[in-house]
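Novice: Model the structure of this input:
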Amino acid sequence: MPTIRDEAVCVRLWDWSETSQTVSLFTREHGMLRGLAKGAKREHAPYSGGFELLTRGEVVAIVKKEGQLATLTAWDLSDPWRALRGTLDAFYAGCAAADVVHHAVTDHDPHPELYDALTGALASAGGDPAGSVLRLVWATLVETGYRPSLEKAADTGGSLADAETFGFSPRLGGLVPDPAGQAPASTTQGPVWRVRGETVRLLRELGRDTPVSVGIAATGVGSDWAKPAVHRAVRLLLAYLSEILGREPPAVRAFLGTLPA
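Specialist: Numbering: from 1, shown residues only. This is a model prediction of the structure:
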């Protein structure tokens, strides 16, 4: 049974007993790790006072066979991200980001770039809740192989002319021509959602090598995109991810409730 040491983010936890906790940690080099911290809430336990949701630290764990909880032997807290507790919007954004990753990746499947995206989202959510979740969901789709097709039609592979509105097919994984005035989508294609051209342009910029500044940065500097466009984009990507997963991550609903209708 190998012992690992890695940096990690606490994405879920619950009480195992009066003194012990069961924890889901997203580690940088070892992926999602689910383990038992025996005596975590006892005084002088080697767990920095116990685990807390949406914190980062260094974990030491004994990894067991597939399907069994790891034994967590140490936890050294390094970043509590206090800004996430400053406002309800920031906290809900942080919970949504963690829940997205928790549901989108499988155990022991490393995604270092997604780990960096998650820590970046949690660090910036205090000043930019919607933009932080938007960037995190995009990174999740890319890392799990579900990056949406935005440059070519997902149904035909043909080019897409500039338009004020497009269609988005979650089953096909990308844009299609605007379905307005057309017959309902076939059963093989599934639902088609109408999407504004502004939302598509924002997502295309987000997908470029140089990330676009979205939302309002934590420094207070304005961005190139208005908040309503960011809100529409994050709603679209979260709906697409929920279709892929077959369910909506539980924390997403509370986060969406913080966005204007």
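Novice: Tell me which other helices or strands the strand ranked longest in the chain touches.
Specialist: In the chain, taking DSSP state E as the definition, the longest strand is strand 3-15. Other helices and strands packing on strand 3-15, by 3 or more Cβ pairs under 8 Å, 6 or more residues apart in numbering; DSSP states H and E, are strand 21-27, strand 31-37, strand 56-62, helix 88-104, helix 112-124. For glycine as for every other residue, the C-beta is placed from the backbone atoms N, C-alpha and C.
Novice: Now do the buried residues in it.
Specialist: Residues 6-13 are the ones in strand 3-15 that count as buried (16 or more other Cβ atoms under 10 Å).
Novice: would JSON lines of those with distance to Val195 and pLDDT be doable?
Specialist: Below are the buried residues of strand 3-15 laid out as JSON lines (distance: Cβ to Cβ, whole Å; pLDDT from 0 to 100):
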{"residue": "Asp6", "distance to Val195": "39", "pLDDT": "97"}
{"residue": "Glu7", "distance to Val195": "37", "pLDDT": "97"}
{"residue": "Ala8", "distance to Val195": "36", "pLDDT": "98"}
{"residue": "Val9", "distance to Val195": "31", "pLDDT": "98"}
{"residue": "Cys10", "distance to Val195": "35", "pLDDT": "97"}
{"residue": "Val11", "distance to Val195": "30", "pLDDT": "97"}
{"residue": "Arg12", "distance to Val195": "32", "pLDDT": "96"}
{"residue": "Leu13", "distance to Val195": "37", "pLDDT": "93"}
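Novice: Just the closest of those residues to Ile244, please.
Specialist: Nearest to Ile244 among the buried residues of strand 3-15, counting by Cβ to Cβ, is Val11 at 18.5 Å.
Novice: returning to that earlier point: for the longest strand of the chain, what is the distance to the chain centroid?
Specialist: A distance of 17 Å separates the centroid of the chain from that of strand 3-15, by Cα atoms, centre = their mean, to the nearest Å.
Novice: Could you list the low-pLDDT ranges of the stretch 1-150 of the chain?
Specialist: The model of the stretch 1-150 of the chain has pLDDT under 70 over residues 1.
Novice: In PDB, could you pull the C-alpha coordinates for stretch 167-174?
Specialist: Taking Å, rounded to 0.1, in the frame of the first residue of the first chain, the C-alpha atoms of stretch 167-174 are listed here in PDB:
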ATOM      1  CA  GLY A 167     -28.100  27.000 -31.800                       C
ATOM      2  CA  PHE A 168     -26.200  24.800 -29.300                       C
ATOM      3  CA  SER A 169     -26.700  21.000 -29.200                       C
ATOM      4  CA  PRO A 170     -25.500  19.400 -26.000                       C
ATOM      5  CA  ARG A 171     -25.800  16.000 -27.500                       C
ATOM      6  CA  LEU A 172     -23.600  16.900 -30.500                       C
ATOM      7  CA  GLY A 173     -21.300  19.000 -28.300                       C
ATOM      8  CA  GLY A 174     -21.300  22.400 -30.000                       C
END
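Novice: Identify each buried residue in it, please.
Specialist: Within stretch 167-174, the residues that qualify as buried by neighbour count (16+ other Cβ under 10 Å) are 167-170, 172-174.
Novice: Take those residues and keep only those in strands.
Specialist: Here DSSP E is the test, and these give 167-169, 174 as lying in strands.
Novice: Now Val176. Its backbone dihedrals?
Specialist: phi -140, psi 170 (degrees, to the nearest 10).
Novice: Name the nearest residue to it, ignoring sequence neighbours.
Specialist: Distances taken as Cβ to Cβ, 6 or more residues apart in numbering put Gly167 closest to Val176, at 4.3 Å, once the chain neighbours are dropped.
Novice: can you pull out the helices in the stretch 151-261 of the chain?
Specialist: Taking DSSP state H, counting those that start in this stretch as the criterion, the stretch 151-261 of the chain carries its helices at 197-206, 227-245, 250-256.
Novice: Quick one: closest of these to Tyr146.
Specialist: Of all these, the one in closest proximity to Tyr146, counting by Cβ to Cβ, is helix 227-245 (5.5 Å).
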